[in-house]
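**Q** okay, sequence plus prediction incoming.
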Amino acid sequence: MNENIEKIKSRFDQLNNRERTMVLAAAIGLAFFIPYQFVWAPIVNGVEDRRSKVERQEQDLIWMQSRLAEVKQLSRQNNSNTAATGKSLYGIIERTARQKFGNDIRIQQEGKKGIRVQIKEAGFDAVIFWLDDLQVKYKANIKDFKIDRSKIVGNVRASILVEN
């Protein structure tokens with residue numbers, strides 16, 4: 001290592017005054033630039049990024065808190081609809097579907113929240129009105145809806161996935 005330093009010193013001594021001044025100025029510039037670029041700037045930029053992230057999260061929190069009353073009200077409405085009927089969604093679907101379509105249906109639980117309803121033969125309008133009743137009266141969500149034409153004009157076969 002001493003050899004390399006000696007080579008650099010001898011090379012530096014061979015330079016004229018103007019070149020020495022330029023080399024010293026460049027060395028001083030690098031001595032300030034490298035720590036700034038690789039130590040100070042990343043720290044400052046990281047702090048600014050974190051500060052802006054915290055500000056965004058605080059704004060999100062304020063927005064969520066402003067919507068809390070609305071969420072609670074909607075939750076109470078949903079709970080009151082279930083409490084008012086006193087039945088599970090499965091029971092409601094089974095009762096209303098059998099009233100509307102008779103025994104031309106098959107109902108089965110699908111997953112934790114899903115209920116698959118298969119209607120073998122029914123009028124298209126009757127199916128649509130029944131789905132509307134489920135959504136409006138009982139706040140059920142239709143997640144999947146497949147419908148095929150039947151041989152009888154105006155009738156359909158349907159497969160519907162309903163969730164609460």
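**A** Everything's here; your move. Predicted, not measured: the structure shown is a model, and the values here were computed from it.

**Q** which stretches of this protein have low pLDDT?
**A** The model of the chain has pLDDT under 70 over residues 77-87.

**Q** packing partners of the lengthiest helix in it?
**A** Longest helix in the chain by number of residues (criterion: DSSP state H): helix 41-85. Contacts defined by 3 or more CB pairs under 8 Å, 6 or more residues apart in numbering; DSSP states H and E place helix 41-85 against helix 124-138. To be clear about C-beta, it is placed using only N, CA and C from the backbone, and glycine gets the same treatment.

**Q** by how many degrees do the helix it packs on and helix 41-85 diverge?
**A** With axes from the mean of the first three to the mean of the last three CA atoms, to 10 degrees as the basis, helix 124-138 and helix 41-85 are set at 100 degrees to each other.

**Q** what lies in contact with helix 124-138?
**A** Residues outside helix 124-138 that contact it (CB atoms under 8 Å, 6 or more residues apart in numbering): 81, 85, 89, 92-93, 96-97, 100-101, 119, 140-142, 145, 147, 154-156, 158, 160, 162.

**Q** mind running it again at 6 Å?
**A** I92, K100, A140, V156, A158 (CB atoms under 6 Å, 6 or more residues apart in numbering).

**Q** quick one on the thing from earlier: please state the offset of the next helix or strand after the longest helix of the chain from the chain centre?
**A** Next in sequence after helix 41-85, counting helices and strands by DSSP states H and E, comes helix 89-101. Centre-to-centre, helix 89-101 and its host chain are 33 Å apart (CA atoms, centre = their mean, to the nearest Å).

**Q** do stretch 34-44 as well
**A** For stretch 34-44 - counting by CA atoms, centre = their mean - the centre lies 35 Å from the chain centre.
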